[in-house]
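S.K.: A predicted structure for the sequence below; I have some questions about it.
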Amino acid sequence: MLQIVIFSVIFGIALMSMAPKQSRPMLELLGSLQEVCMTVVRWAMKLAPMAVFGLMAQLTTQTGLGAMVGMAFYVFTVLFGLLIMLCFYMLLLLVFVNEKPLEFLRASRDVLLLAFSTSSSATVMPLSIKTAEDHFKVHPSISQFVIPLGATINMNGTALYQAVATVFIAQVYGVELGMGSLALVVAMAVGASIGSPATPGVGIVILAMVLETVGIPAAGIALIMGVDRILDMSRTAINVTGDLVTCALMEKWVGGSSEGGSNPAEPPEVAAKVLS
């Protein structure tokens, strides 16, 4: 994934540096290729419910109903881990920003509900920026840098989910994971989550890469696909919470000096009179 990202960055810079007449055919080809891919994805999404049912039925007959009980513990473990991460974010706000957690959650409830319902950090990006600037008084120069960057690389909830899912599927198949394998899983989950797009369901694709790295059958993903939607919604809300908390922390640490020491609430005409 990292190799693909680096190649894409270099390729994009090369296209931008070329004359528009020379780069236009490639851009049109890439745009057409994207439409083809999205069409195939839409077909796959329509077939996904029946396909997941078939895969879950096959694996259930092979592993027994005990896997369903284990799945309930898996869902609880992921949600409990996300709750711990949320408490950690609130502790950072309370210690460094002196912001009460309940007030923060009340002010950001709209963006968190939208993130929970859409399962996409990119979709809620405009509302996240507006919430950071209006409710938390974050400078636009900070919010418009931190939130788009966070929507791309701040996938802490996704990384936690992938690590727990890998351990769960390994236990289902009876694969022993030593300390070295667990460390590799954590490193892979964190690294892969940084490069994952902010779109719904992409964590499943990244999870397949992590499973193959440690020698776990990727077919076990079918066991968790039935409950992945609710977990995807929850981890997206945690990711967006992390973006807003980062904005508040950056405003506390560097926001006061970003306007050159002037009072941002002071009208321009008053500042002009002072300077004159």
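M.R.: Received it, and whenever you're ready, just let me know what you need.
S.K.: Could you pull up phi and psi at the residue nearest the centre of the chain?
M.R.: Central residue of the chain (C-alpha atoms, centre = their mean): Met155, 3.7 Å from the mean position. Main-chain torsions, Met155, degrees, to the nearest 10: phi -120, psi 50.
S.K.: right, and it touches Val240 too?
M.R.: No - look at Met155 against Val240 with C-beta atoms under 8 Å: they stay out of range, at 10.8 Å. Every residue, glycine included, has its C-beta placed from N, CA and C.
S.K.: How about Leu184: what's its closest non-neighbour residue?
M.R.: Val214 (6.1 Å; C-beta to C-beta, 6 or more residues apart in numbering).
S.K.: Let me know how buried the one you found is, in neighbour terms.
M.R.: Val214 has 18 neighbouring residues, counting by other C-beta atoms under 10 Å.
S.K.: Tell me who's in contact with it.
M.R.: The contact partners of Val214, by C-beta atoms under 8 Å, 6 or more residues apart in numbering, come to 166, 170, 175, 177, 181, 184-185, 188.
S.K.: which regions of the chain lie under the pLDDT threshold?
M.R.: Flagging of the chain using pLDDT under 70 yields the residue ranges 1-2, 52, 55-56, 59-60, 62-67, 193-203, 255-276.
S.K.: quick check: domain ranges of it?
M.R.: Following automatic domain parsing, one gets these domains for the chain: 7-40, 49-256.
S.K.: what's the spacing between the longest one and its chain's center?
M.R.: When C-alpha coordinates are averaged (C-alpha atoms, centre = their mean, to the nearest Å), domain 49-256 and its chain have centres 6 Å apart.
S.K.: State the helix or strand in which Ile204 lies.
M.R.: Element membership for Ile204 (DSSP states H and E) is helix 202-213.
S.K.: Quick one: list the elements packing against that helix.
M.R.: Counting contacts by 3 or more C-beta pairs under 8 Å, 6 or more residues apart in numbering; DSSP states H and E, helix 202-213 is packed against helix 156-172, helix 179-194, helix 221-225, helix 228-254.
S.K.: Of all those, which one is nearest Phe11?
M.R.: Across the helices and strands packed on helix 202-213, Phe11 has its closest neighbour in helix 179-194 (19.3 Å, C-beta to C-beta).
S.K.: quick revisit: contacts for the helix holding Ile204?
M.R.: Helix 202-213 is contacted from outside by 1, 158, 161-162, 165-166, 169, 184-185, 188-189, 192-193, 196, 217-218, 220-221, 225, 228, 232, 235, using C-beta under 8 Å, 6+ apart.
S.K.: one more time with 6 Å, if that's ok
M.R.: Contacting residues not belonging to helix 202-213 are listed as 158, 162, 165-166, 188-189, 192, 196, 218 [C-beta atoms under 6 Å, 6 or more residues apart in numbering].
S.K.: Show me which of the residues you listed are buried.
M.R.: Neighbour-count burial (16 or more other C-beta atoms under 10 Å) applied to the contacts of helix 202-213 gives 158, 162, 165-166, 188-189, 192, 196.
S.K.: Spell out the residue ranges of the helices in the stretch 51-200 of the chain.
M.R.: All helices of the stretch 51-200 of the chain, identified by DSSP state H, counting those that start in this stretch, fall at 66-92, 101-107, 109-118, 125-134, 140-153, 156-172, 179-194.
S.K.: out of those, deepest packed?
M.R.: Neighbour counts (mean count of other C-beta atoms under 10 Å) averaged over each of those peak at helix 156-172, with a mean of 23.
S.K.: which residues sit against that helix?
M.R.: The contact list for helix 156-172 (C-beta under 6 Å, 6+ apart) reads 63, 67, 74, 77-78, 81-82, 177, 185-186, 189-190, 193, 203, 207, 210, 216, 220, 224, 231, 235, 238-239, 242.
S.K.: just to revisit the earlier point, now render the buried ones among the contacts of helix 202-213 as JSON lines, adding distance to Ser121.
M.R.: Shown next, in JSON lines, are the buried ones among the contacts of helix 202-213 (distance: C-beta to C-beta, whole Å):
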{"residue": "Thr158", "distance to Ser121": "10"}
{"residue": "Gln162", "distance to Ser121": "16"}
{"residue": "Ala165", "distance to Ser121": "19"}
{"residue": "Thr166", "distance to Ser121": "22"}
{"residue": "Met188", "distance to Ser121": "21"}
{"residue": "Ala189", "distance to Ser121": "17"}
{"residue": "Ala192", "distance to Ser121": "16"}
{"residue": "Ser196", "distance to Ser121": "10"}
